[in-house]
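Would you be able to build a 3D model of this:
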Amino acid sequence: MAARSAALKLDWAKVTTSLGLRGQTAASLQSFKKRNDDVRRKVQHLSEQPTTVDFAHYRSVLKNTAVIDEIEKRFAAFTPASYDVGRQLKAIDAFEVEAVRNAEATKEKVDLELKDLANTLKNIEEARPFEDLTVDEVAAAEPSIDEKTAKLEKFGDLAML
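Numbering: from 1, shown residues only. Next up, the predicted model:
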C-alpha cells in the first residue's frame with residue numbers, strides 16, 4: 001500500500017526537469033507515466049462498479065425464472081482467469097535497466113558539458129579586456145587575422161580599412 005501512495009505523490013514533471021532528462025529517456029518516462037495513469041483510472045473505474053448480483057430481484061421482475069436459475073448457477077461456478085504477470089514484470093525490469101543506463105549516459109554527458117562550461121567560464125573570468133591586448137596577442141589568438149591582412153595588403157586594399 002505504501003508503494004501506491006508513493007506513486008500517487010510522485011511529481012512526474014519535477015522528476016524529468018530536476019534530473020535533466022532528455023531524448024529517449026524522457027520519452028520513455030512520459031510513456032510509462034501515461035500507461036500508469038491509464039491503468040490507475042481503469043482500476044478506479046472498475047473498483048467503483050458493484051460486485052454483487054441480486055438474483056432475487058431479477059426473479060421477482062422476470063417471468064422466466066429458469067433463465068435466472070441458469071445464470072445464477074453459471075455465476076456461482078465462474079472463476080476468474082488468472083494471468084501470469086511474469087512477462088510484464090520482466091518487461092518492466094528491462095525498461096528499468098534501460099532507463100538507468102540512459103540516465104547514466106545522460107549524466108556522463110552532462111558532467112562533461114559542465115566541466116567544459118566551467119573551463120570556459122574560468123577562461124572568460126581570467127581574460128584581459130580587449131583594449132588591453134596587443135596586436136600580436138590578438139593575431140596569435142586568431143591566426144586568420146594575419147592572413148586576411150596579408151591578402152588585403154597584397155591587393156592594396158589596406159588603405160580602405
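
Are there helices or strands packed against the host helix or strand of residue 122, and which ones?
Assigned by DSSP states H and E, residue 122 belongs to helix 86-126. Helix 86-126 is packed against helix 23-48, with contacts defined by 3 or more C-beta pairs under 8 Å, 6 or more residues apart in numbering; DSSP states H and E. (Glycine included, C-beta is placed from N, CA and C.)

Quick one: list the elements packing against the helix it packs on.
Partner elements for helix 23-48 (3+ C-beta pairs under 8 Å, 6+ apart): helix 12-19, helix 86-126.

buried residues in that helix?
Buried residues in helix 23-48, counted by 16 or more other C-beta atoms under 10 Å: 25, 26, 29.

and the gap between the last one and residue 104?
In other words, residue 29. With distances taken as C-beta to C-beta, to the nearest Å, residue 29 is found 15 Å from residue 104.

again, but for the second one
For residue 26, the distance to residue 104 equals 15 Å [C-beta to C-beta].

same question, residue 129
For residue 129 relative to residue 104 (C-beta to C-beta), the value is 42 Å.

Of the two, which one has the most company?
residue 104 (10 against 6; other C-beta atoms under 10 Å).
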